[in-house]
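> Next input, structure requested:
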Amino acid sequence: MRLLKIKKIRILNVRSFKLLFLGLVTVITLTLFLNSRQAFGLNSLGKSINPLHSIRASCSTPSSSKYASCLAEVVTNLNGSPMILPKSVVGNLGPTQFHTAYNLPCTPNGIIQSICSQPTTFGPETIAIVDAGSFDNSGGTIDESLNGYDANYGLPACTESNGCLSIVNESGQTSPLPAAVSGWNTEIALDVETAHMVCQTCKILLVEASTSSVADLAQSVQTAASFNPTSISNSYGSSTEETSYDSSYNYNGIAVVASAGDSGSTSVSWPADIPYVVAAAGTTLSINSNNTWNSESVWSGSGGGCSTNSAPVWQTDLSNWATAGCGNYRAYGDISADADPNSGTAVYMATSATSGSWIEVGGTSLSSPLIASSFALAGGVLSGNQAVSVLYGSFNSSNSHDITTGNDCTTTGELHCAAGVGFDTPSGLGSPNGISGFIVQPATNVSLKVANQDGTAVDITWTASQNSLVGGYYIYRDGVKIATVTGANNYIDSGLKPNTNYTYQVQTFDPFSNLATPTAAQSITTYLPADINEDGHVNLIDLSILASKYGETGPNIGRADINGDGQVNLIDLSILASKYGSE
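Presented below is the predicted three-dimensional model:
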């Protein structure tokens, strides 16, 4: 009996062990499945917090301050390898999510939509992207990577052969292209695919620097600018100020955008902190089940803070600048967009024309091409304007999402690294809600009329600009600027020649000297008021016309009412008599 009892107990223990083992397998499998769904970006709210994955920078920290690091952050498994997404999974956020959440068109100044049809030609807007080295992913090319990305999402094909994608070296030549630079493959794919995903009919110019040195990257930006692109995206940063190269990033009429960094508020990120560069900070974007914007907070890894450069006027003129915390120094970022790898985007890495893999990537390397492409969707920056100051003049509560939660603080008790209402250092002016925040609002139509009784002056009136900040208006006569008007919507141009034709235009400028498009030209001839029939002479014909209307009132008296008092009487006759014989 004892032996039988022992045997029975052993049998039960084996069965219990098997049940326990099967239970553990089930729990582990279910946990892995649920967590993999988050890692693969299937959480519709963009909140994939997965304890079984990690985040690592695509590029290693440079050994010298004379080199910059790319700022792509890759979602990895626990051994540090990129988390490979299933072929059917296309990432947490893609074309549909970004265009819907940020209310963006897929082509410049088009309707809000996620996927454009294949255009017959691309451009004229061009997004330039500056990266280090060439894309070389086990033999796969960036052209093949973008082609696989487009095919997966149903985007217009963007290739070198159809004229959409161009690749040059830092001297602007198509060959020889540089060798690959370690870690930058992912960065190049992220930048190019994001730019095309946002502005699907824009041309893309990829400028490949020989190395990741700040000198080569600055030279590449100069080369990119020589092609006169709409915008230039720079998803890299140096932890030291490289002021000797600042001028390479200063271009009116081109939106130069740079990532604000991935190391929090206390780290310098050059070139983003240059005053005339648009610093793109990072957020965690949460969307609703229908892909509309739900909420957004500062991504804890985002860079941004106070630089050592003087604060430009477009920042010091902000109503809450005193509380922003940078005093006399420039604050950056200027504007925000999604950057958290946990709400990142899927990137396709081709290994050949027919194969490759999907990985999930974030970092402010994502926010930079998102912002640069948004400038392109708005048609670009007008000649003579600096892109960063356009944002400060045009962003308002209707065309942006104010980021009021989250922080990029790196030390306990640190000040001015938390988001708040209005402008703040970790999120700047907020994230896009449409494209109107990237445009300087023009003045509307101008109306002209003769202002006085001797035909030597013109009264120019116009409706006020709808821009949130108006500095004033420039007045042009026959294409030459003759006056600057502030605080009014009219101007009298006097001392003119009678019986002469003049053409006028009005142009709005904001407090930061950004210029709107001039109004359409309006022409007028300065006829003498007493020249009723406007033939250039005051003579018997004019006297006869006045006599035929003498004593009348109402709308039919026309120019016979010389003094404009609503009736033809002795006063009008006296004016005509005083000018009789004039021409």
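
> Surely residue 215 forms part of a helix?
Yes: counting by DSSP: H, G, I helix; E, B strand; the rest coil, residue 215 is located in a helix.

> domain assignment for this structure?
With domains defined by automatic domain parsing, the chain comprises 54-438, 446-525, 540-579.

> residues near the residue nearest to residue 240 when sequence neighbours are not counted, how many?
The shortest distance from residue 240 to any non-neighbouring residue, by Cβ to Cβ, 6 or more residues apart in numbering, is to residue 65 (4.2 Å). From N, CA and C alone the C-beta is placed, and that goes for glycine too. Residue 65 has 13 neighbours, counted by other Cβ atoms under 10 Å.

> if we can go back for a sec, just the domains of the chain: most buried one?
Among the domains of the chain, domain 54-438 has the highest mean neighbour count (mean count of other Cβ atoms under 10 Å), at a mean of 21.

> For residue 531, which of the domains of the chain is the nearest?
Residue 531 lies closest, by Cβ to Cβ, to one member of these: domain 540-579, at 6.2 Å.

> Averaged pLDDT, the closest one. What do you get?
For domain 540-579, mean pLDDT is 88.

> What segments of the stretch 1-150 of the chain are helices?
Remark: helices assigned in the stretch 1-150 of the chain by DSSP state H, counting those that start in this stretch are 2-39, 95-101, 142-153.

> lowest-confidence stretch among those helices?
Minimum mean pLDDT among those: helix 2-39, a mean of 46.

> just the CA coordinates of the helix or strand where residue 188 lies, formatted as PDB?
Taking DSSP states H and E as the criterion, residue 188 maps to helix 184-198. In PDB, the C-alpha atoms belonging to helix 184-198 read as follows (Å, rounded to 0.1, in the frame of the first residue of the first chain):
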ATOM      1  CA  TRP A 184      23.400  56.300 -40.700                       C
ATOM      2  CA  ASN A 185      21.500  53.700 -42.900                       C
ATOM      3  CA  THR A 186      18.500  53.900 -40.600                       C
ATOM      4  CA  GLU A 187      18.700  57.700 -40.500                       C
ATOM      5  CA  ILE A 188      18.700  58.000 -44.300                       C
ATOM      6  CA  ALA A 189      15.800  55.700 -44.700                       C
ATOM      7  CA  LEU A 190      13.800  57.400 -42.000                       C
ATOM      8  CA  ASP A 191      14.400  60.900 -43.400                       C
ATOM      9  CA  VAL A 192      13.700  60.100 -47.000                       C
ATOM     10  CA  GLU A 193      10.600  57.900 -46.400                       C
ATOM     11  CA  THR A 194       9.100  60.400 -43.900                       C
ATOM     12  CA  ALA A 195       9.600  63.300 -46.300                       C
ATOM     13  CA  HIS A 196       7.900  61.500 -49.100                       C
ATOM     14  CA  MET A 197       5.200  60.200 -46.900                       C
ATOM     15  CA  VAL A 198       4.300  63.700 -45.800                       C
END
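
> by contact count, what packs against whatever helix or strand comes next after it?
The first helix or strand that comes after helix 184-198 along the chain, using DSSP H and E, is strand 203-209. The contact analysis (3 or more Cβ pairs under 8 Å, 6 or more residues apart in numbering; DSSP states H and E) places strand 203-209 against strand 126-132, strand 165-169, helix 184-198, helix 214-226.

> report the angle between the axes of strand 203-209 and strand 165-169?
Using axes from the mean of the first three to the mean of the last three Cα atoms, to 10 degrees, the inter-axis angle of strand 203-209 relative to strand 165-169 is 20 degrees.

> Tell me the strands beside strand 203-209, with direction?
strand 126-132 (parallel), strand 165-169 (parallel) (DSSP bridges).

> contacting residues around the closest residue to residue 131 other than its chain neighbours?
With sequence-adjacent residues excluded and distances taken as Cβ to Cβ, 6+ apart, residue 131 is closest to residue 188, at 4.8 Å. Taking Cβ atoms under 8 Å, 6 or more residues apart in numbering as the criterion, residue 188 is in contact with 129, 131, 133, 135, 142, 206.

> same question, residue 501
523-525.

> Poorly predicted segments of the chain, please.
For the chain, the stretches flagged by pLDDT under 70 are 1-52, 86-92, 441-454, 466-469, 512.

> re earlier: go through the helices and strands packed on strand 203-209 and name the closest to residue 401.
Closest approach to residue 401 among the helices and strands packed on strand 203-209 is made by helix 184-198 (16.4 Å; Cβ to Cβ).

> tell me the angle of that closest one relative to strand 203-209?
Orientation check (the same axes, to 10 degrees): helix 184-198 against strand 203-209 gives 160 degrees.

> what's the spacing between helix 184-198 and its chain's center?
Centroid separation for helix 184-198 versus its chain: 16 Å, with Cα atoms, centre = their mean, to the nearest Å.

> and the angle from that helix to helix 142-153?
Using the same axes, to 10 degrees, helix 184-198 lies at 50 degrees relative to helix 142-153.

> and of the strands paired with strand 203-209, who's closest to residue 470?
Closest among the strands paired with strand 203-209, using Cβ to Cβ: strand 126-132, at 29.8 Å.

> No further queries at this time; thank you.
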